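*Asks:* A structural model of the following input is requested.
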Amino acid sequence: MWLAPEEVLVANALWVTERANPFFVLQRRRGHGQGGGLTGLLVGTLDVVLDSSARVAPYRILHQTQDSQIYWTVASGSSRKEITKHWEWLENNLLQTLSIFDSEEDITTFVKGKIHGIIAEENKNLQPQGDEDPGKFKEAELKMRKQFGMPEGEKLVNYYSCSFWKGRVPRQGWLYLSVNHLCFYSFLLGKEVSLVVQWVDVTRLEKNATLLFPESIRVDTRDQELFFSMFLNIGETFKLMEQLANLAMRQLLDSERFLEDRALPRPARPLRNISALKRDLDARAKNESYRATFRLPGDERLDGHTSCTLWTPFNKLHIPGQMFISTNYICFASKEEDACHLIIPLREVTIVEKADSCSVLPSPLSISTRSKMTFLFANLKDRDFLVQRISDFLQKTPSKQPGSSGSGRNSSIGDPAPEALPAPQEALGQPASPTSHPQGAPTASQGLLKLFQGNTPMEDLGAKGAKEKMKEELWHIHFFEYGRGVCMYRTARTRALVLKGIPESLRGELWLLFSGAWNEMVTHPGYYAELVEKSTGKYSLATDEIERDLHRSMPEHPAFQNELGIAALRRVLTAYAFRNPTIGYCQAMNIVTSVLLLYGSEEEAFWLLVALCERMLPDYYNNRVVGALVDQGIFEELTRDFLPQLSEKMQDLGVIASISLSWFLTLFLSVMPFESAVVIVDCFFYEGIKVVLQVALAILDTNMEQLLSCSDEGEAMTVLGRYLDNVVNKQSVSPPIPHLHALLTSGDDPPAEVDIFDLLKVSYEKFSSLRAYDIEQMRFKQRLKVIQSLEDTAKRSVVRAIPGDIGFSIEELEDLYMVFKAKHLTSQYWGSGRPGAVRRDPSLPYLEQYRIDASQFQELFARLAPWACGAHTPVLAGRMFRLLDRNKDSLITFKEFVTGMSGMYHGDLTEKLKVLYKLHLPPALSSEEAESALEATHYFTEDSSSEASPLASDLDLFLPWEAQEALRQEEREGAGNENIQEKREEKGNSPPECRHYLQMWAKEKEVQKETIKDLPKMNQEQFIELCKTLYNMFSEDPKEQDLYHAIATVASLLLRIGEVGKRFLGQLGRKLRDTAPGEDEPPAPGPPQDPAQEIQSPAMGDPQARAGGDTQLGNVPQESQVVGEGGSGEGQGSPSQRLSDDETKDDMSMSSYSVVSTGSLQCEDLADDTVLVGGEARSGGTVDADWSISFEQILASILTESVLVNFFEERVDIGLKIKDQRKVERQFSTSSDYEQSGVSG
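*Replies:* You can find the predicted model right below:
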């Protein structure tokens, strides 16, 4: 590549001059290429350690003038070919011009100008990049691609200097972290280490420090453990590794490819050595943390954050913290975790103004909302810029509201400002109900609890009523002091009130606020109603499952014992399945949604469900409940940390896996009385999953003694079940609802009742050290384990589904699956336009989830096939792919792939030759290769009767053999069914015997087994292709000459057999024509005169195909066969061309072997051997319709050559080939130039 000219002071240090002229010098880096010795080793080591660009570009061209000591770099190259091209261009285009100049300065100026012009011209043709990476970083990316053989689609995120511990010896080198791979390269004094690990293969990633390894990063895969240590940036490196491994797990989970975020704000100038992808990932991490902290919608993007103070009127303090500004929200989080959190939606903002600064309140900023609340921020570093950003976002805010009628920032359609509403009932009723519903559908416009419980006066409820009234009063006081609605100050006081229980009249409103569902609901008015309308009447697997579970959702509650509650539940669940088909519907969603409907309208319940499934419980409700399994792993880890004496016992009993899924998926609603579990749901919406984990630990802790004395899982489950059934809520004002679980586990002596508030208090006292950040870290670690465990389960399921007659061992099948999966994933990485890159659907059966296309199969075939065919390998791979691709979608599944491999590796000589034989017949033969055969078929069938057999058509030439088998089987079954029906009518109404059906099934299984009789004959053109393949197959064998001689003998023998068969057919045809009556008469309607019956496609001219045709026509016995299939254009319709198939069977093997063994090719020997007859071919530009050869003849001929028999019967170990393929996947790089110098390492 051409380089912008730069000065080089010492031109010959570490470089060797190879060419020179008066103006330019071509140099090679010492140690590169042949030779080098010790100097080469030292230079190579320096290049790696110092990250020199010479590692990538070991050739360069310098400009020089005779009297000057200064050199200028003008070009560099990674190969001799590249640099020679630049050198020749300079010699041809510049040397003559430069010799005219008198001044050396003019020469240098001209050269520099010319090189700059060339670079500008090249850059003009390039597409402008959305984000330019710094030059140093581009150089590192180029190094990575060259060193590890990565394509351009593989983007480098960042690279670090580090040591890789190989044994106890550290190898200093460079760690490259790309989107899909972790790569490491080191070269120290001839010792080279090159590693490539796919992120999807990582099973464990952690930062640890031991005596052996000082602070290091551990990366585990299924078959190796890697340790990397570094002096600088270990925290940054580990965080980036976590992000990339997380992206890979997401790809395995739902096949999402990494897409660069083009909407990120760009820096004013490129940051030094930081790539655009690195900035992208950093921004993603910040966005995710921001959205999780403030429960914001999934599309919210953080614009920036700054430190400041917030004036809190409830305690008259300036609280230090961070202000966050995003597209639609201004948020504040105090430094102390519980001091204060604040969310201000920009749709609520009416005034933003800069207040006067003073020494007490520097740089204050006042923000007022529509609910008459004012928030005062101070100590802002860049207040003017901040106000400008807020103003910019405010101007965009109204346009984002659907149905907005004005451009002013006050217009916020669809948001009724809950903080301005005096009564909670209004907040629950008016804004939340959908604007339209399908006609006649009952609508739950408020919580079902109100509809079915009625408004019993609190005075009638006695002490419970008074307690509930007091709770309401406390909350109203809180609203007065801290604000109401979205803009409420959230403090430790708010949490304390939640822990005491939310009053039922406020529960729906506060769930909406704390979960963030309110924000999504008011910004999407009418969305739910629209979904209900679209999803009504639509049927899918999800709707079937929903219908099945509707009446299992809290059947003990009166709200779900009538159509109003059931219909509301159906609409909410169906609407969500329609919104998010990836999740669709999962069991347990019905239980949670039914509780949400008790306290809110349908629309509110829908948006709460969205918040639950998509943000608060990520991946919980997908088809593999990955999120719940991840949190189950966290629960096990926490049990080890907090309850070590119980942990081992629980593991032995296997209890945690049984309990945690039901506890977590339904938030205890399915295992605890309703009025108690709903208190946990209150805390969950405020605190998140942390509360559920705390309560679960508290339950185990309380029952520790009883659990330790349990002898099996059933006993432990009974202990826990009975405890949970007796967790009561003594403050509940709702009428008690019978708990079905309690009815099942009740015993003679029920345990003492436990108050839910006491249980919550214990959970906070003992386990409140849990932090949201720690849980997220543990989630990442467990996600690696869970997803890799699920992948292992999928692998085992796929291997079990492979038929036992495939021939590979379980270990070999598992290894092949991993290789196949890795090849599929490369299409996800780099082949977005390829058919194999189609998004994987995790809902498909495991066998069909991973598929590869023809080019990927070709790569695997070249590496794994036992037959090395040199340059002919791609052709053979293409044919094998077409043979395996039965549904013609240009993709093959793992089962099809293994079937193809098994045919080449397992079985005897006959089976292997059958595979090879099929590869030279349609459909394996491509349309171009089979073109002549197709034309010949048209030629010979153009006068056929319309009653031709379906297998005699030209399309059958390209039908897979299995398809033909299926057609023939259907015909046989059709005939068989008629016979059975006749027998049944004869016998009357007697029931059929089981033995009869067993015999039928046995026959069906037998038919599927293909024999050599079923193979169609091969025409001359196909035979020549087979010979080509065999010649190429032997080119790399040690016994090459013997094999060539043997195949030449066999090929010439088979050609002569074909010629003899052709002559015999001609003679027999003429004899039959002479005796045939009325050959020119039109064909009679009966089967014996049907010409189509005699005309067979060359690829289909086998006994069974003809039998199928006869069966269809009715009265002709299966044994009668066509002799001159395809004919020669004469006497095609003659009925006397039929011979007995029994004669064919009797004479076939004897005549074939005798002809080959004696070497006699006279017609007398072949007179009765009708197998040698038939087929068609193109030879010398004309169609030779009579030449054909059968599989039996090829087999018999090859059996005469022992060297060929030994070649095909030799066992090849696929395990070695799989190891080589994995090595290629792990180490893309070719052998180092330094190794070629002859230095052993």
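*Asks:* so for the helix or strand containing Thr84, what's the average pLDDT?
*Replies:* Thr84 belongs to helix 80-93 when elements are defined using DSSP states H and E. Mean pLDDT, helix 80-93: 83.
*Asks:* what's the following helix or strand after it?
*Replies:* Heading C-terminal from helix 80-93 (DSSP H and E), you reach helix 95-98.
*Asks:* ok, and what's touching that next one?
*Replies:* Residues lying outside helix 95-98 but in contact with it, judged by C-beta atoms under 8 Å, 6 or more residues apart in numbering, are 21-23, 107, 110-111. To be clear about C-beta, it is placed using only N, CA and C from the backbone, and glycine gets the same treatment.
*Asks:* rerun that using 10 Å as the cut-off
*Replies:* Helix 95-98 is contacted from outside by 21-24, 63, 65, 90, 106-108, 110-111, 114, using C-beta atoms under 10 Å, 6 or more residues apart in numbering.
*Asks:* in the helix holding Thr84, what's buried?
*Replies:* 80, 83, 86-87, 90 (16 or more other C-beta atoms under 10 Å).
*Asks:* which one of these is nearest to Glu765?
*Replies:* Ile83 (73.3 Å; C-beta to C-beta).
*Asks:* in this protein, which helix is the longest?
*Replies:* In the chain, assigned by DSSP state H, the helix with the most residues is helix 1040-1075.
*Asks:* what helices or strands is that helix leaning on?
*Replies:* Applying 3 or more C-beta pairs under 10 Å, 6 or more residues apart in numbering; DSSP states H and E, we find helix 1040-1075 packed against strand 1018-1019, helix 1020-1033, helix 1141-1158, helix 1163-1166, strand 1182-1184, strand 1188-1189, helix 1191-1199, helix 1202-1209.
*Asks:* is it true that Pro362 lies in a helix?
*Replies:* No: judged by DSSP: H, G, I helix; E, B strand; the rest coil, Pro362 forms no part of a helix; its state is coil.
*Asks:* which residues touch it?
*Replies:* Neighbours of Pro362 in contact, by C-beta under 10 Å, 6+ apart: 309, 378-380, 383.
*Asks:* need these in CSV with distance to Leu1055 and secondary structure, can you?
*Replies:* Output for the contacts of Pro362, formatted as CSV (distance: C-beta to C-beta, whole Å; DSSP: H, G, I helix; E, B strand; the rest coil):
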residue, distance to Leu1055, secondary structure
Thr309, 96, strand
Ala378, 98, strand
Asn379, 96, coil
Leu380, 93, coil
Arg383, 94, helix
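*Asks:* ok, back up a step: which one of the helices and strands packed on helix 1040-1075 has the lowest average pLDDT?
*Replies:* Averaging pLDDT over each of the helices and strands packed on helix 1040-1075 puts helix 1163-1166 lowest, since it has a mean of 34.
*Asks:* break the protein down into its domains, please.
*Replies:* 2-125, 145-259, 278-396, 444-614, 626-777, 802-828+851-906, 909-936+1015-1066+1186-1212 (the TED database).
*Asks:* and the fifth one, how far apart are its ends?
*Replies:* From the first residue to the last, domain 626-777 extends over 16 Å; the measure is C-alpha to C-alpha, to the nearest Å.
*Asks:* can you give the contact residues for the helix holding Thr84?
*Replies:* 1-2, 18-19, 21, 23-28, 32-33, 57-61, 63, 74-77, 79, 98, 111, 114-115, 118.
*Asks:* let's see it at 7 Å
*Replies:* Identification of contacts with helix 80-93 by C-beta atoms under 7 Å, 6 or more residues apart in numbering yields 19, 21, 24, 26, 59, 61, 75, 77.
*Asks:* mind putting those residues into TSV with pLDDT?
*Replies:* Shown next, in TSV, are these (pLDDT from 0 to 100):
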residue	pLDDT
Arg19	82
Asn21	82
Phe24	86
Leu26	85
Tyr59	80
Ile61	84
Ala75	84
Gly77	78
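*Asks:* now Ala854, nearest residue through space, not along the chain?
*Replies:* Spatially, and ignoring its direct neighbours in sequence, Ala854 is nearest to Phe881 (4.9 Å; C-beta to C-beta, 6 or more residues apart in numbering).
*Asks:* make JSON lines out of the domains of the chain and add distance to Lys1219.
*Replies:* What follows is those, written out as JSON lines (distance: least, C-beta to C-beta, whole Å):
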{"stretch": "domain 2-125", "distance to Lys1219": "27"}
{"stretch": "domain 145-259", "distance to Lys1219": "11"}
{"stretch": "domain 278-396", "distance to Lys1219": "34"}
{"stretch": "domain 444-614", "distance to Lys1219": "37"}
{"stretch": "domain 626-777", "distance to Lys1219": "32"}
{"stretch": "domain 802-828+851-906", "distance to Lys1219": "8"}
{"stretch": "domain 909-936+1015-1066+1186-1212", "distance to Lys1219": "13"}
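*Asks:* need the max-distance pair from the buried residues of helix 80-93.
*Replies:* Longest span within the buried residues of helix 80-93, C-beta to C-beta: Arg80 and Leu90, 15.5 Å.
*Asks:* the residue nearest to Ala854 against Ser855, yeah?
*Replies:* No: using C-beta atoms under 7 Å, Phe881 makes no contact with Ser855, being 9.4 Å away.
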